[in-house]
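# dropping a prediction and its sequence here:
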Amino acid sequence: MSIDWNTAFAPRALKLTASEIRELLKLINQPDIISFAGGIPDPALFPHAILAETFHEILSNPATRDAALQYSVSEGYQPLREWLAQTYLPKIGIATHADNILITNGSQQGLEFLAKLFIGTGDRIIVTNPSYLGALQAFSLYEPTFVTVPVQDDGVDLAALEAEMAKGAKFFYLTPDFGNPCGATVSLAQRRAMLELAYRYGIAIIEDSAYDQLRYDGEPVPPLLALDSDRLNQPRPLSEATAQGQVIYTGTFSKSIVPALRIGWIVAPQPVLQKLVLMKQASDLHTPTLNQMAMFKVAETIIFDHAAKIRAVYRERRDAMLTALNEFMPDGVSWTEPEGGMFVWVTLPEGLDAAEILAKSIAEIRVAFVPGAAFYPDRSGKNTIRLSFSVPPPEKVRDGIKRLGGLITEAVAALKVDA
């Protein structure tokens with residue numbers, strides 16, 4: 001008797017759907033496509049030479065090669081965790097300890113672990129609307145009740161956030177710096193207000209900080225974890241200090257160095273971290289040691305200088321996109337002006353469907369983007385678009401936006417005729 005696999009799966013597996021972004025990434029290698037779809041770093045900016053040298057150094061040295069290729073501890077490579085705690089995180093205002101850090105296979109694994117740890121079927125979780133698609137995918141598998149709060153220019157609707165926190169929730173998830181998809185940055189005043197609400201109602205905050213090195217304008221804003229740490233920064237035994245905190249923080253080197261080594265991390269209070277380590281053991285035992293050792297050597301050598309180089313390139317591309325949008329988009333279309341990150345969020349007039357425009361865009365003008373509905377738990381926001389400026393050079397950015405602006409101008413004109 002053959003198996004009907006669709007009846008063999010657990011009910012939650014039937015909820016799995018393909019990521020629009022992962023599907024659109026297949027278009028990037030087509031030479032005639034101008035892609036604003038993938039929120040990915042430009043491979044031309046990868047530190048190829050130092051990575052090659054570092055891997056050769058590790059694998060050619062008898063003192064390091066066996067350890068690099070062997071099983072290791074689940075928490076992560078100790079020198080990397082100590083460097084994060086003592087050097088990298090303090091530069092952005094975070095006071096923590098290596099014992100509070102777990103190395104993960106990218107920050108995406110961290111989000112999936114946190115979902116598995118906190119979400120039971122039907123549990124309320126609060127997310128921004130729109131929100132990062134990868135987080136929504138990670139959370140959805142555990143069948144939560146999504147509760148959303150609207151994104152505003154300086155953060156979120158605080159009244160809506162308080163109303164939802166007052167009803168209870170397992171956590172509030174957000175990307176406070178140049179958030180994916182809309183590029184918004186949460187102001188300092190908003191961050192403090194969010195923390196006060198979290199303290200008042202006993203709600204954890206998951207802070208996704210994938211883009212912390214990609215600020216192009218304005219002054220840096222302390223992470224929520226830094227503000228949370230300041231509140232707790234009183235002399236106390238390490239065992240007590242590492243157990244405290246309201247914020248769980250995820251970070252990654254994917255945007256600032258390279259994504260394929262899959263080195264991310266979670267900073268969390270000890271009771272949380274202990275459970276996450278057990279999940280890591282059940283999932284993949286540990287993040288590849290060779291990758292961790294290589295990333296440690298590369299990061300401690302180049303991270304801040306390399307991030308400055310990346311910022312200069314991406315700033316030029318962002319500016320090219322904003323200039324082109326101003327020049328080629330019709331009246332009735334609006335967009336964000338992000339201080340950093342990789343994304344511009346475009347809002348079309350009500351009545352237009354970005355998915356329909358995408359199909360026409362690929363077929364007729366060979367420009368790809370991500371329809372915004374993918375970033376809403378309820379699949380609303382059909383008249384929104386996410387544009388990524390990280391890969392195309394300025395001249396292609398301008399050409400792509402010119403083509404897209406023409407197509408959207410036609411769609412807006414047709415909408416007015418139909419009305």
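Looks like it arrived, so ask away.

# now the strands: where do they sit in the stretch 51-200 of the chain?
Taking DSSP state E, counting those that start in this stretch to define them, one finds strands in the stretch 51-200 of the chain at 101-105, 124-129, 145-152, 155-156, 171-174.

# now Val156: how far from Glu164?
To Glu164, Val156 is 10 Å away according to C-beta to C-beta, to the nearest Å. Using the backbone N, CA and C atoms, a C-beta is placed for each residue, glycine as well.

# that should have said Arg366, apologies.
On the measure of C-beta to C-beta, Arg366 and Glu164 end up 42 Å apart.

# of those two, which one has the most company?
Using other C-beta atoms under 10 Å, the more surrounded residue of Arg366 and Glu164 is Glu164, with 21 against 16.

# that older thread, what sits in contact with each of Val156 and Glu164?
Taking C-beta atoms under 8 Å, 6 or more residues apart in numbering as the contact rule, Val156 and Glu164 both touch Val149.

# separation between Val267 and Ile365?
Taking C-beta to C-beta, one finds Val267 at 44 Å from Ile365.

# low-scoring stretches of this protein, by residue?
Counting by pLDDT under 70, the chain shows low-confidence ranges at 18-29, 231-243, 418-419.

# domain map for it?
Per the record, the chain has its domains at 5-47+305-412, 63-302, by automatic domain parsing.

# with distance to Glu53 added, can I get these in TSV?
TSV is the format used below for the domains of the chain (distance: least, C-beta to C-beta, whole Å):
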stretch	distance to Glu53
domain 5-47+305-412	10
domain 63-302	9
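
# can you tell me which of these is nearest to Thr54?
For Thr54, the closest of the domains of the chain is domain 63-302, at 4.9 Å, according to C-beta to C-beta.

# quick one: end-to-end distance for the closest one.
With C-alpha to C-alpha, to the nearest Å as the measure, domain 63-302 spans 23 Å from end to end.

# just give me how far it sits from the chain centre.
Centroid separation for domain 63-302 versus its chain: 10 Å, with C-alpha atoms, centre = their mean, to the nearest Å.

# do stretch 345-363 as well
The answer for stretch 345-363 is 23 Å, by C-alpha atoms, centre = their mean.

# kindly report the same for stretch 326-343.
The answer for stretch 326-343 is 20 Å, by C-alpha atoms, centre = their mean.

# again with stretch 352-366
For stretch 352-366, the distance to the chain centre is 25 Å (C-alpha atoms, centre = their mean).

# that stretch: which residues count as buried?
Buried positions in stretch 352-366, judged by neighbour count with 16 or more other C-beta atoms under 10 Å: Leu352, Ala354, Ile357, Leu358, Ser361, Ile362, Ile365, Arg366.

# need the residues that contact it.
Contacts of stretch 352-366 (C-beta under 8 Å, 6+ apart): 27, 32-34, 348, 367-369, 371-373, 382-385, 403-404, 406-408, 411-412, 415.

# out of those residues, which are inside strands?
Ile34, Val367, Ala368, Pro371, Thr384, Ile385 (DSSP state E).

# so which of these wins on neighbours?
Highest neighbour count within the ones in strands among the contacts of stretch 352-366, by other C-beta under 10 Å: Ile385, with 27 neighbours.

# list the contacts of it.
Contacts of Ile385 (C-beta under 8 Å, 6+ apart): Trp345, Val346, Thr347, Leu348, Ala354, Ile357, Phe369, Val370, Pro371, Gly372.

# with Ala411 instead?
Ala411 touches Leu348, Leu352, Ile357, counting by C-beta under 8 Å, 6+ apart.

# what about these, which are in helices?
Ile357 (DSSP state H).

# and which of the contacts of Ala411 is nearest to Ala10?
Distances from Ala10 to the contacts of Ala411, taken by C-beta to C-beta, are shortest for Ile357, at 36.6 Å.

# Ala324 versus the closest one, what's the distance?
From Ile357 to Ala324 the distance is 17 Å (C-beta to C-beta).

# and for Lys116?
In terms of C-beta to C-beta, Lys116 sits 42 Å off from Ala324.

# more crowded one of those two?
More neighbours surround Ala324 than the other of Lys116 and Ala324, with 20 against 17 (other C-beta under 10 Å).
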